[in-house]
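Participant: This is a predicted model, with the sequence first.
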Amino acid sequence: MAVPVIVVGNISVGGTGKTPLVIWLVAYLRNAGWKPGIISRGYRGNAGDWPQLITRDSDPRVIGDEPLLIVRRSGTPVAVGPDRIKAARILLDQSECDLIVSDDGLQHYPLERDIEIAVVDGQRRYGNGSCLPAGPLRDPIDRLKSVDLIVCNGDPENGEIAMGLCGEFAVNLCHPEKKIALTEFIPKTCHAIAGIGNPQRFFDHLRGFGLQCDEHAFPDHYTYRCEDLVFPDETPILMTEKDAVKCEAFGLDNCWYVPVDARPDINLGVSIEELLRKKIDEQ
């Protein structure tokens, strides 16, 4: 590849906090003087033609939910497609990026990469330690010995770099200018929905602010129908930002989403810049 490539992935299925880290990473790189672009697979997207450059108005059913969330939050050029090399090429051809961040793709070996960052869930870790289908792992645990950096979403172990997720307010799905603190939902009982890799993490996040919620877990990347969000009562519905990009068309003004931001240890940015300088010096 003509520019440096950073892959942010994981060795386990389910949510680890990878997407918030990608959003943090491109903001950090931009502040450091780079012009990053992002490639993603566009999982569950049904486009008939790949790759595609996406915009804030792209249809999540066509290009996938996570890429739409990323382009809206990051303001960074994003190209999606099952062939990440082709996605990278269209990004280089049609944008001014001088560095590519791959959202996921640790196992997409045809894509050359300069830096590998693996994200680990500090709560679930590696499950039973077995690979699919006997366990939750895409690769054996030993795969982590070959990555450059391991970021732990939770309590780090053995040289891992710590990362937390913070999100203290909710945004109205129909009126995004309306933002309120999560604590303002107390003492109401809310509905909480989550169609992500680890729904319990979202429910625990709300509980950590003292909210009482009826919890509704859906499969990861679930395609919502309006009736999924219709409950007998009129209480507020709280959802993740990834769910929100698929539910905003329903026009339900009792729905709110909770944006979260990655907060990694400062050493992560320093380590990435050192690795980039080393790679550039080697070329």
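Facilitator: Sure, I can see it.

Participant: Just the mean pLDDT for stretch 242-251, thanks.
Facilitator: Stretch 242-251 comes out with an average pLDDT of 92.

Participant: hey, C-alpha coordinates of that stretch in CSV?
Facilitator: Provided in CSV are the C-alpha atoms of stretch 242-251 (Å, rounded to 0.1, in the frame of the first residue of the first chain):
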residue,chain,number,x,y,z
LYS,A,242,-25.2,2.1,16.3
ASP,A,243,-28.9,1.2,16.7
ALA,A,244,-29.9,4.9,16.2
VAL,A,245,-28.6,5.1,12.6
LYS,A,246,-31.1,2.4,11.7
CYS,A,247,-34.0,3.6,13.8
GLU,A,248,-34.0,7.4,13.0
ALA,A,249,-36.3,6.9,10.0
PHE,A,250,-39.2,5.7,12.3
GLY,A,251,-39.7,9.2,13.6
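
Participant: ok, Lys18 - contacts?
Facilitator: The contact partners of Lys18, by CB atoms under 8 Å, 6 or more residues apart in numbering, come to Val8, Gly9, Asn10, Asp103, Asp104, Val119. The C-beta positions use only the backbone N, C-alpha and C, and glycine is treated the same way.

Participant: Can you check the distance spanned by stretch 99-108, start to finish?
Facilitator: Stretch 99-108 has an end-to-end distance of 18 Å (CA to CA, to the nearest Å).

Participant: ok so, going back, go through the contacts of Lys18 and give me the one with the most neighbours.
Facilitator: Val119 (30 neighbours; other CB atoms under 10 Å).

Participant: measure that one to His216 for me?
Facilitator: Here Val119 is placed at a distance of 26 Å from His216 (CB to CB, to the nearest Å).

Participant: cool, Ala27 as well?
Facilitator: As judged by CB to CB, Ala27 and His216 stand 32 Å apart.

Participant: likewise Cys166?
Facilitator: 23 Å.

Participant: can you check Gly75 too?
Facilitator: For Gly75 relative to His216 (CB to CB), the value is 31 Å.

Participant: These two: who's more crowded?
Facilitator: His216 (17 against 13).

Participant: which other helices and strands contact the helix or strand that one falls within?
Facilitator: Using DSSP states H and E, His216 falls within strand 212-217. In terms of contacts (3 or more CB pairs under 8 Å, 6 or more residues apart in numbering; DSSP states H and E), strand 212-217 is packed against strand 189-194, helix 199-208.

Participant: Break down the stretch 51-200 of the chain into its strands, ranges please.
Facilitator: 52-53, 78-80, 99-103, 115-121, 149-153, 161-166, 169-172, 179-181, 189-194 (DSSP state E, counting those that start in this stretch).

Participant: Quick one: work out the angle between the longest one and strand 149-153.
Facilitator: Following axes from the mean of the first three to the mean of the last three CA atoms, to 10 degrees, one obtains 20 degrees for the angle between strand 115-121 and strand 149-153.

Participant: Partner strands of strand 115-121 and their direction?
Facilitator: Here strand 115-121 has these sheet partners by DSSP bridges: strand 5-9 (parallel), strand 149-153 (parallel).
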